[in-house]
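Participant: Let me see the structure of the following:
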Amino acid sequence: MKFARNVLVTLSLALAFSFAACVNKGDIDEIKKKTRRANIAMARQVAMYIMRTNVGLSFPSIGRHFGLDHTTVIHGCNKISFKRFI
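Facilitator: Predicted coordinates:
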């Protein structure tokens, strides 16, 4: 069962990165970098939001995938969830 969960998480992470890169016409490697350009930052936040809501990863584990602090992930997820309702 643990193996199936790991496979599901791995595939979901890849899909989240791919979706966020396609939406913002960027590259997956750009999303993982610590650049602060608006379009890349938005794509990164969308990927973090997808990982949190659809995959159910914790904030610290999402932060580890991006090399970010968990509070940055919380901010990004809150920003995207707020924009959904505008």
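
Participant: quick one: pLDDT of residue 26?
Facilitator: pLDDT, residue 26: 67.

Participant: now do residue 39
Facilitator: 81.

Participant: which secondary element of the chain has the worst mean pLDDT?
Facilitator: helix 2-23 (a mean of 71; mean pLDDT, DSSP states H and E).

Participant: Other residues contacting the very next helix or strand once past that one?
Facilitator: Downstream of helix 2-23, the next assigned helix or strand under DSSP states H and E is helix 28-32. Where contact means C-beta atoms under 8 Å, 6 or more residues apart in numbering, the residues beyond helix 28-32 that reach it are 17, 18, 20, 21, 40, 43, 44, 47, 66, 67. C-beta: built from backbone N, CA, C; applies to glycine.

Participant: Which positions within helix 28-32 qualify as buried?
Facilitator: Along helix 28-32, these residues count as buried under the neighbour rule (16 or more other C-beta atoms under 10 Å): 31, 32.

Participant: what does stretch 62-81 give?
Facilitator: 62, 63, 65, 66, 68, 72, 73, 76, 77, 79, 80.

Participant: For the second one, give me its contacts.
Facilitator: With C-beta under 8 Å, 6+ apart as the criterion, the residues that contact residue 63 are 69, 70, 72, 73.

Participant: In terms of distance to residue 13, which of those ranks first?
Facilitator: residue 73 (13.5 Å; C-beta to C-beta).

Participant: was I right about that closest one contacting residue 49?
Facilitator: No - between residue 73 and residue 49 there is no contact under C-beta atoms under 8 Å: 9.3 Å.

Participant: on that earlier part again, what subset of the contacts of helix 28-32 is buried?
Facilitator: Buried among those (16+ other C-beta under 10 Å): 17, 20, 21, 40, 43, 44, 47, 66.

Participant: Distance to residue 27 for those residues - can I get that in CSV?
Facilitator: Putting the buried ones among the contacts of helix 28-32 into CSV (distance: C-beta to C-beta, whole Å) gives the following:
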residue, distance to residue 27
17, 10
20, 11
21, 6
40, 9
43, 10
44, 12
47, 13
66, 15
